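Q: quick check, what structure comes out for this input:
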Amino acid sequence: MTRLRIGLEWFLNPDHVPFLLAQDRGWFADEGLEIELVEPEEHLDAVEAIERGELDVAVTEPLHLVEDRAEGRPCVGFARFLHTNGGVMAKAEIARPRDMAGRRIQYPGAPGPGGPAIVATMVEADGGPTGTEDGYGRVNNSFYHTDALAEDKADVATLVFHNFEIVEAEHRGLDVRMFALKDWGVPDFCQLILIAHPDALAERRAAFEALVRVLRRGVDAVKQAPEAARAVYFAHTETDAGDALTRAIYDATVPCFTHDFSMSADYYRQLEAWMHERGLIDETPGADAYWTNELAL
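A: Below you'll find the predicted structure:
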């Protein structure tokens, strides 16, 4: 058996159902893999853990992959498995993106530049003022985006996923709206990908190929038999099957799993260009440095 420790990007949730289903059905073992899913203490510590040898694989988002590689850190992405609609969640009084200028932004990296970079891009795309990054309130309510708006700690929250925070806000009766990244000038990085150390990917290629095969099988099963997969998820997480919010999030997540595990160099060029323009990265290493479709196609 080959053991792989996979670091999740967040707490165990419906985004990870294909992995749980594969564990439950013994599909990893069939491929000679022993998989451990690790819930990280911090959202963005995956590459450090890979460098230290504490993780073999990590789930992350394209934005973080580019950030890490632009800093010269050794990581490469090799499979995408989820693509949701995401962006900024705003109080209903904010009718359109340009109304967000100068507002309080909730984002886990506050007071860093990420939140204002996203919101300012949207404001400008909607014909609002330029150069507004320094004028925003910067609120760090961890990943509790919905709480930040409900408790009036912030006026807008980023980055939110439609299948999670928007569903949660609607369930709680909050009057909010969402402005999607892809509609307002920001490259759509609301996707979950797998990354590893480049040396490990080369040296243990057969294991990573097997991981991708099983992940494909898991995505297929979730799509084709959602009720059976749901039962596995609720049982594994020991969640109340009657919990309406969890069921709603699960149902909203299933359509987000993708059969196309590849990503294009053009996509990453656009993402890099935007990140560089907004001062989020100093270097643009190019997708060839940190993404491969060899296992995804």
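
Q: can you pull out the helices in the stretch 151-297 of the chain?
A: For the stretch 151-297 of the chain, the helices defined by DSSP state H, counting those that start in this stretch cover 167-171, 198-203, 205-224, 226-237, 244-253, 265-277.

Q: and the last one, what does it pack against?
A: Using 3 or more CB pairs under 8 Å, 6 or more residues apart in numbering; DSSP states H and E as the contact criterion, the neighbours of helix 265-277 among helices and strands are helix 62-70. For every residue, glycine as well, the C-beta is placed using N, CA and C.

Q: please name every helix or strand in contact with the next helix or strand along the chain from the helix it packs on.
A: Later in the chain than helix 62-70, the nearest helix or strand by DSSP states H and E is strand 76-83. Helices and strands touching strand 76-83, by 3+ CB pairs under 8 Å, 6+ apart, are strand 191-196, helix 198-203, helix 205-224.

Q: now the longest one: buried residues?
A: The reference is to helix 205-224. Buried residues in helix 205-224, counted by 16 or more other CB atoms under 10 Å: 207-208, 210-219, 221-222.

Q: with distance to residue 284 and pLDDT added, can I get those residues in TSV?
A: Shown next, in TSV, are the buried residues of helix 205-224 (distance: CB to CB, whole Å; pLDDT from 0 to 100):
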residue	distance to residue 284	pLDDT
207	31	98
208	26	98
210	33	98
211	29	98
212	27	98
213	33	98
214	34	98
215	29	98
216	31	98
217	36	98
218	34	98
219	31	98
221	38	97
222	35	97
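
Q: tell me the one of these nearest residue 186?
A: Set against residue 186, the nearest of these by CB to CB is residue 219 (26.2 Å).

Q: just checking, that closest one touches residue 258?
A: Yes. Using CB atoms under 8 Å, residue 219 is in contact with residue 258, at 7.4 Å.

Q: common neighbours of the two, please.
A: Both residue 219 and residue 258 are contacted by residue 81, under the criterion CB atoms under 8 Å, 6 or more residues apart in numbering.
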